[in-house]
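**Q** here is a sequence with its predicted model. Questions after.
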Amino acid sequence: MLTTLRSPPKIRRYLTPDQALLLYPTEDSRPIIQNQFPAICQSLGQRLAHLWQDEPIPFRPQNQGDYDIPSLTLKEHIAPDQHGFSAHLR
């Protein structure tokens, strides 16, 4: 179940739409096992070192007609046979 956290009106005016928080109530963050930490650091370092050379993930633009506004749900006629993450890629 996916839940959007609602901000109080006073705070909401300071948050942009891309700062929305999503919460998966049944999920916890995965703990890092101590012996995996060096490999995780190295992997993150490599990712950051190549950040500007790597191709960006080809997500569908939010405000160019693929999503209903303001619900930000993918329109039914867009990728009707795809589900999950792949439906949001061009």
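**A** On my side now, so go ahead. These numbers come from a predicted model, not from an experiment.
**Q** going forward, measure contacts and count neighbours with C-alpha atoms only.
**A** OK.
**Q** go ahead and confirm Tyr67 touches Ala79.
**A** No - Tyr67 is not in contact with Ala79 according to CA atoms under 8 Å; the separation is 11.5 Å.
**Q** look through the chain and tell me its longest helix.
**A** Longest helix of the chain, by residue count under DSSP state H: helix 37-49.
**Q** now do that one, average pLDDT.
**A** For helix 37-49, the mean per-residue pLDDT is 92.
**Q** next one: phi and psi at Phe59?
**A** As for Phe59, its main-chain torsions (degrees, to the nearest 10) stand at phi -70, psi 150.
**Q** nearest spatial neighbour of it, chain-adjacent residues omitted?
**A** Once flanking residues are discounted, Phe59 sits nearest to Leu89: 4.5 Å by CA to CA, 6 or more residues apart in numbering.
**Q** which residues touch that neighbour?
**A** Leu89 sits next to Ile57, Pro58, Phe59, Arg60 when contact means CA atoms under 8 Å, 6 or more residues apart in numbering.
**Q** among the residues you listed, which pair sits farthest apart?
**A** The distance between the two most remote of these (CA to CA) is 9.4 Å, for Ile57 and Arg60.
**Q** the two: who's more crowded?
**A** Set Ile57 next to Arg60 and count neighbours by other CA atoms under 10 Å: Arg60 wins out with 15 against 8.
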